[in-house]
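Asks: prediction below, plus the sequence it came from.
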Amino acid sequence: MREILFLEPVFKSAIWGGTKLSSIYGYDIPTDHTGECWAISAHQNGDCTIKNGEYAGQTLSWLWDNHRELFGNAKGDVFPLLIKIIDAKADLSIQVHPDDEYANVNENGSLGKTECWYILECDDDGKIVLGHNAKDKEELKQMIAEKRWQDLIKVRSIKKGDFFQINPGTVHAIKAGTVILETQQSSDITYRLYDYDRLDNGKLRELHIDKSIDVIDCPHVDVEVGGNSIGDENYRMEELIQCPFYTVKKISLSGEHDFEQNHPFLNVSVIEGSGEIDGTPIKKGSHFILPADYGTYHLKGNMDLIVSHI
Ligand code: ZN
């Protein structure tokens, strides 16, 4: 039987980051403004290392390049998904991502970025930015030129456990006090539309207004999320989203249950509680990959997990 691939996360500091990745998940973070934990990533800007077993010490990108059979011989130059936990102590800039086609032409063949958010923690009056109020491109350009940001952006209330799909072309931003688990295409291409006129080391961060206008969808349309749910007294497994790039599900376990890993690979993140997988202890903050042909896996404990596959 193939081994579970446990991963060593990569951390990113940011002006908007905080310390919750340490206080909530127990990670050894590099600074008191750590914004992101790249938990399952083979991206060149943050390539996770395998922690255990035969491939200990190798990077996930190396494994993708040299042992594609572990990923069901899936096609593609790069491991296609990236799983992050983001701690926003301050508001993130308002941004938008290109799709594959635009990124391929304008960003040296990079993938575009479709992403989704599971809200892990937020303040009582937690909010995010998702979408905009311009009816067409002309109105969008005009509102941007006139800096009518508050009229333009759609701010929404959130609570723990909410889930959002953010397609390319969607204006979005995480706001202060929010911790999310993000499942995304493995891309680092972000166009910054507005940064609240904040200074980073005395300077405004670069904006990408023209590219943002190019890619923003007008008018904004919300994506429906949520799907089938199955379970019994020991567990519940709920589909959060299925899109051309990934399927994301939430498993809530109180007891034990056998599940099947019949995908090219399965990304797993424990977001609450603790327990074990096939006898190996796991807890909130653990991230791992079940490789191809892993077959049946047995989960036991009281925990919530987010899983994803292509
Ligand atoms: Zn984004």
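Replies: Cool, got the structure.
Asks: and for stretch 255-266, what are the contacting residues?
Replies: Outside stretch 255-266, the residues that touch it by CB atoms under 8 Å, 6 or more residues apart in numbering are 70-74, 232-235, 237, 251, 289-292, 294-301, 307-310. Quick note: C-beta positions are derived from backbone N, CA and C, even for glycine.
Asks: how about residue 165, nearest residue that isn't a chain neighbour?
Replies: residue 223 (4.1 Å; CB to CB, 6 or more residues apart in numbering).
Asks: same check, this time on residue 188
Replies: residue 45 (5.2 Å).
Asks: count of neighbours near the one you found?
Replies: 11 (other CB atoms under 10 Å).
Asks: could you report the separation of it from residue 86?
Replies: In this structure, residue 45 and residue 86 are 15 Å apart, going by CB to CB, to the nearest Å.
Asks: and residue 37, by the same measure?
Replies: Residue 37 is 8 Å from residue 86, by CB to CB.
Asks: per-residue pLDDT, the residue nearest to residue 165?
Replies: Here the pLDDT value assigned to residue 223 is 94.
Asks: any idea whether it is helix, strand or coil?
Replies: coil (DSSP: H, G, I helix; E, B strand; the rest coil).
Asks: my read: it touches residue 168, true?
Replies: No. Here residue 223 lies out of contact with residue 168, judged by CB atoms under 8 Å, at a distance of 11.4 Å.
Asks: hmm, back to that, keep only those of the contacts of stretch 255-266 that are in strands.
Replies: The strands in this structure, assigned by DSSP state E, contain 235, 237, 251, 289-290, 295-301, 307-309 from the contacts of stretch 255-266.
Asks: distance of the residue nearest to residue 165 from residue 217?
Replies: 11 Å.
Asks: okay, and the common contacts of those two?
Replies: Counting by CB under 8 Å, 6+ apart, the residues touching both residue 223 and residue 217 are residue 167.
Asks: who has more neighbours out of those two?
Replies: The neighbour count for residue 223 versus residue 217, taken as other CB under 10 Å, is higher for residue 217 (17 against 14).
Asks: so the more buried one sits right up against residue 140, yeah?
Replies: No. Here residue 217 does not reach residue 140: they are 9.7 Å apart, not a contact under CB under 8 Å.
Asks: name the single longest helix found in this protein.
Replies: For the chain, the helix reaching the highest residue count under DSSP state H is reported as helix 137-145.
Asks: show residues contacting it.
Replies: Counting by CB under 8 Å, 6+ apart, 132, 134, 151-152, 193, 209, 212-213, 216, 218 sit against helix 137-145.
Asks: mind redoing it with 7 Å?
Replies: Residues outside helix 137-145 that contact it (CB atoms under 7 Å, 6 or more residues apart in numbering) are 134, 151-152, 209, 213, 216, 218.
Asks: and the most centrally placed residue in the chain, what helix or strand is that in?
Replies: In the chain, the residue lying closest to the centroid (CA atoms, centre = their mean) is residue 182, at 1.8 Å. Using DSSP states H and E, residue 182 sits within strand 178-185.
Asks: any idea how far that strand is from the middle of the chain?
Replies: Distance of strand 178-185 from its chain centroid, counting by CA atoms, centre = their mean, to the nearest Å, is 3 Å.
Asks: might one say that residue 157 is in contact with residue 127?
Replies: Yes. Shown here, residue 157 and residue 127 form a contact pair, counting by CB atoms under 7 Å, at 5.8 Å.
Asks: chain neighbours aside, what residue packs nearest to residue 294?
Replies: Per CB to CB, 6+ apart, closest to residue 294 is residue 261, 4.2 Å.
Asks: next one: residue 113
Replies: Here the residue nearest residue 113, using CB to CB, 6+ apart, is residue 97, at 3.7 Å.
Asks: just residue 244 next, same as before
Replies: Leaving aside its sequence neighbours, residue 244 sits nearest to residue 114 (CB to CB, 6+ apart; 7.9 Å).
Asks: looks like the one you found contacts residue 242 (just checking).
Replies: No. Using CB under 7 Å, residue 114 is not in contact with residue 242; the gap is 12.0 Å.
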